[in-house]
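Colleague: Return a 3D structure for these sequence lines:
(4 chains)
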Protein chains: 2
Amino acid sequence: MLSQAIEDYLKAIYEVETSEGKVSTSALSEKLGVSPASVTSMMKKLSERKLIAHKRYQGVKLTPAGRKIALEIIRHHRLIELYLKEALGVPWDKVHQEAEKWEHVLSEELEDRIDEFLGYPVTDPHGSPIPRRDGTMIVRQCDALVDVEPDTLVKVVEVSDHDPELLRYLGGIGLYPETEMMVVSKQPFKGPIIIELTGKEYTIGRNAAKYILVEKANN
Amino acid sequence: MLSQAIEDYLKAIYEVETSEGKVSTSALSEKLGVSPASVTSMMKKLSERKLIAHKRYQGVKLTPAGRKIALEIIRHHRLIELYLKEALGVPWDKVHQEAEKWEHVLSEELEDRIDEFLGYPVTDPHGSPIPRRDGTMIVRQCDALVDVEPDTLVKVVEVSDHDPELLRYLGGIGLYPETEMMVVSKQPFKGPIIIELTGKEYTIGRNAAKYILVEKANN
DNA sequence: AAAGAAATTTAGACAAGACTAAAATATTTT
DNA sequence: AAAATATTTTAGTCTTGTCTAAATTTCTTT
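Modeller: Numbering: from 1, shown residues only, chains lettered A, B, ... in the order given. Have a look, this model is predicted:
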C-alpha cells in the first residue's frame, strides 16, 4: 500500500511532466506546497522504489511503474469529479477539492461501480480525459486559448480544474467543454482576450486563457 | 483539523463506551489493532486536548467535546454506508470497509448533499441509528437475540456491521433490519439458536446472536 | 571565464504515531 | 493477606514526512 504522500508526489510529477516537459525540484515544491528539501528527500525514496528516475541536480522522470500509479490516481480523481457532478449535483468548481481527498481511499471495486454508473465515461467535468484501468489515456491534440489567432471559431476541449474562481466565472458565462465560441480579439500589451459566446462578448485574462484548451471548430 | 488516528480513537472509545460501559486500554488496543502502549500514549494526547477524561490505570471517558466528534464521524460512516447501498448498489457486507476510509475525508457540504439525496434517513443498512448533525442520536431500546426466550416473535432492529461473513450469511437467509422472525428454540450447552423465517428454520450461533439486536414484535 | 544568482542537495531537527521491553499498579487466586 | 497474574504505564526506539540552515552545483550575466 502506498502512502497518500507518495501518491500525491507521483500525481504531481505526472502533471508537471505533461505540462512542462521537465520536472524540477522547485516546480514540485511549488505545486505540492512543501519545501524544496522535502521534495529532494521524497525523490530519494521514490528513486529507491524505482518509481522515478532521478539524476542529481537534473530533475526527475517517471518510470513506467510510477506512471501507472500516477494514472491510477488521476483516474480515481476524474471519475470522482464526474460522479459528484452527475450523481450529487456538486458544482464543477467544488468537485476537485472533494476528489483530492477521496481519490486516495477509493477501492478498485467502488471505482468499477462508479465507472459503470457513469456509463464508462471518457472525460471529466473539466474535459480532461479519464485514464483507462489499464493505465492508458487518450490525449487530445489542442491549443491553449491564449495561443489562438483572433477571428477563429473554436470549441472548448478542457479547462484546468485547479482554480475554483475561474471555474465559477466560466460557468457563469456558460463556457464549458464542448462549448463553441469565437475568438474576437487579443488586446495588446498582454491585455485580455475577447471572446463571443451565445451572442455576447466576454473578456478572459491572458493568464486564465493559458488554462483553457481549445481546438478549431469544424465549421 | 483532526488526524485520522484521533478520529479513529474517539470513534472506538464511543463504541466501547456504549457496548461495554467501561473503556479499558486493552479493549481499545484490541479494537484498534495497536499495542496497549500506543493506546496509553494517545490517551495522554486526547486528555491534553480535553477530548477524554483519563484516570491513570482506571480507563477513559469521552468529554462532551470528544463525544461530539465521535458522533460526527459515526454520522459520516453511516450515511456513507447507506449511500453506497442505495446509490451504487454496494452489498451490505462491503459498505463498512469502504465507509471506514471515506468517513475521514468527507466534507460537511458533501455530507449534506448525501443526507438530502437519501431523504434524511434515520438508520443505516444495518439498522444502526444515524446521528444527527447536532450530535444527538436516537437510541432504540432492544435486546440481543441471544437473550430472547424461545417462542417469541421478534423484529430485527440492528445487526453489527463488523463481520462481513455474518452479514453475507444473514443476507442469504433474508435476515435484515425490520425483518420479523420467530425464535424457535435455544439449543442447550451454548448451542445455536433456531429461528423461523418465511417458513424455513435456520440456525444462528450464540456468538453471532449477540450481534443481532431485536425487539418484541407487536402481534 | 569568472562572479553572482538561482536551484538543488545535505545535514540535522521535529512531530505524529507506531513499536518493544521493563516497571508500576490492579486484580485474582490461594 | 500474600503471591501470582493481568493490566497499564513509562522509557526509549523507529518510520514517515515535514522543516530550516548551510553547502553544493548549475545557470546567467558580464
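
Colleague: give me the element A:Lys155 is part of.
Modeller: Here A:Lys155, judged by DSSP states H and E, is contained in strand A:152-159.

Colleague: Who are the packing partners of that strand?
Modeller: Helices and strands touching strand A:152-159, as assessed by 3 or more CB pairs under 8 Å, 6 or more residues apart in numbering or on different chains; DSSP states H and E, comprise helix A:164-172, strand A:180-186, strand A:212-216. C-beta here means a position set from N, CA and C on the backbone, and glycine is covered the same way.

Colleague: Let's see that with 6 Å instead.
Modeller: Applying 3 or more CB pairs under 6 Å, 6 or more residues apart in numbering or on different chains; DSSP states H and E, we find strand A:152-159 packed against strand A:180-186, strand A:212-216.

Colleague: remind me which residues of chain A are low pLDDT?
Modeller: Applying pLDDT under 70 to chain A flags the ranges A:219.

Colleague: Specify the residue ranges that define each domain of chain A.
Modeller: Domains of chain A are assigned by automatic domain parsing as A:4-62, A:72-139, A:143-216.

Colleague: Tell me which of those domains is the most buried.
Modeller: Highest mean neighbour count of the domains of chain A: domain A:72-139, a mean of 18 (counted as mean count of other CB atoms under 10 Å in any protein chain shown).

Colleague: mind checking the end-to-end distance for that domain?
Modeller: 16 Å (CA to CA, to the nearest Å).

Colleague: ok, now stretch A:51-65?
Modeller: 6 Å.

Colleague: interface residues of chain A facing chain B?
Modeller: Proximity of chain A to chain B, by CB under 6 Å from any CB of the partner chain, involves residues A:Leu88, A:Glu98, A:Lys101, A:Trp102, A:Val105, A:Ser107, A:Leu110, A:Arg113.

Colleague: right, and the fourth one touches A:Leu79 too?
Modeller: Spelled out, it's A:Trp102. No: the criterion here is CB atoms under 6 Å, and A:Trp102 misses it with A:Leu79 at 10.0 Å.

Colleague: Generate TSV for the helices and strands packed on strand A:152-159, with distance to DNA strand D as supplementary columns.
Modeller: Formatted as TSV, the helices and strands packed on strand A:152-159 follow (distance: least, CB to the nearest atom of the strand, whole Å):
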stretch	distance to DNA strand D
strand A:180-186	27
strand A:212-216	27
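
Colleague: Out of those strands, which is closest to B:Ser128?
Modeller: Distance to B:Ser128, taken as CB to CB, is lowest for strand A:212-216 among the helices and strands packed on strand A:152-159, at 47.0 Å.

Colleague: Could you spell out the sheet neighbours of that closest one, each with its direction?
Modeller: Strand A:212-216 pairs in its sheet with strand A:143-144 (antiparallel), strand A:152-159 (antiparallel), by DSSP bridges.

Colleague: Just give me how far the last one sits from the chain centre.
Modeller: To tie it back to what came earlier, the one meant is strand A:152-159. Strand A:152-159 sits 16 Å away from the centroid of its parent chain (CA atoms, centre = their mean, to the nearest Å).

Colleague: what about the top helix by length along chain A and DNA strand D, any contact?
Modeller: Longest helix of chain A, by residue count under DSSP state H: helix A:64-88. No: Helix A:64-88 is not in contact with DNA strand D by CB under 7 Å from any atom of the strand; minimum separation 13.2 Å.

Colleague: what's the next secondary structure element after that helix?
Modeller: Proceeding N to C from helix A:64-88, the next assigned helix or strand is helix A:95-102, under DSSP H and E.

Colleague: Could you export that next one as PDB, CA atoms only?
Modeller: Output of helix A:95-102 as PDB, limited to C-alpha atoms (Å, rounded to 0.1, in the frame of the first residue of the first chain):
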ATOM      1  CA  VAL A  95     -15.600  18.700  -7.300                       C
ATOM      2  CA  HIS A  96     -11.800  19.000  -7.400                       C
ATOM      3  CA  GLN A  97     -11.300  19.700  -3.700                       C
ATOM      4  CA  GLU A  98     -13.500  16.700  -2.800                       C
ATOM      5  CA  ALA A  99     -11.900  14.400  -5.200                       C
ATOM      6  CA  GLU A 100      -8.400  15.400  -4.000                       C
ATOM      7  CA  LYS A 101      -9.100  13.600  -0.700                       C
ATOM      8  CA  TRP A 102     -11.400  10.800  -1.800                       C
END
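
Colleague: related to what we said a few turns ago, remind me what the longest helix of chain A packs against, helices and strands.
Modeller: Helices and strands touching helix A:64-88, by 3+ CB pairs under 6 Å, 6+ apart, are helix A:4-20, helix A:95-102.

Colleague: if we go to 8 Å?
Modeller: For helix A:64-88, the elements it packs on are helix A:4-20, helix A:95-102, helix A:108-117, helix B:108-117, judged by 3+ CB pairs under 8 Å, 6+ apart.

Colleague: nearest spatial neighbour of A:Met42, skipping sequence neighbours?
Modeller: Among residues not flanking A:Met42 along the chain, A:Tyr9 sits closest, at 5.4 Å (CB to CB, 6 or more residues apart in numbering or on different chains).

Colleague: tell me which element A:Asp121 is part of?
Modeller: Careful, residue A:121 is Pro and not Asp. Under the criterion DSSP H and E, no helix or strand holds A:Pro121.

Colleague: contacting residues for it?
Modeller: A:Leu79, A:Leu82, A:Asp115, A:Ile130 (CB atoms under 8 Å, 6 or more residues apart in numbering or on different chains).

Colleague: Which one of those residues is nearest to chain B?
Modeller: A:Asp115 (10.8 Å; CB to the nearest CB).

Colleague: separation between the closest one and B:Arg113?
Modeller: For A:Asp115, the distance to B:Arg113 (CB to CB, to the nearest Å) stands at 21 Å.

Colleague: got the phi/psi numbers for the most centrally placed residue in chain A?
Modeller: For chain A, the residue nearest the mean C-alpha position is A:Ser160 (5.2 Å; CA atoms, centre = their mean). The phi/psi pair for A:Ser160 (degrees, to the nearest 10) reads phi -60, psi 140.

Colleague: Now the residue lying closest to it once chain neighbours are set aside, what are its backbone angles?
Modeller: Leaving aside its chain neighbours, A:Ser160 sits nearest to A:Tyr211 (3.7 Å; criterion: CB to CB, 6+ apart). Here is the backbone geometry of A:Tyr211 (degrees, to the nearest 10): phi -100, psi 10.

Colleague: I'd guessed A:Ala87 sits against A:Phe117; true?
Modeller: Yes: the pair A:Ala87 and A:Phe117 qualifies as a contact (CB atoms under 8 Å) at a distance of 7.0 Å.

Colleague: coming back round to it: which one of the strands paired with strand A:212-216 lies closest to DNA strand C?
Modeller: Across the strands paired with strand A:212-216, DNA strand C has its closest neighbour in strand A:143-144 (22.5 Å, CB to the nearest atom of the strand).

Colleague: Need the residues that contact that closest one.
Modeller: A:Ala209, A:Lys210, A:Tyr211, A:Ile212, A:Leu213, A:Val214, A:Glu215.
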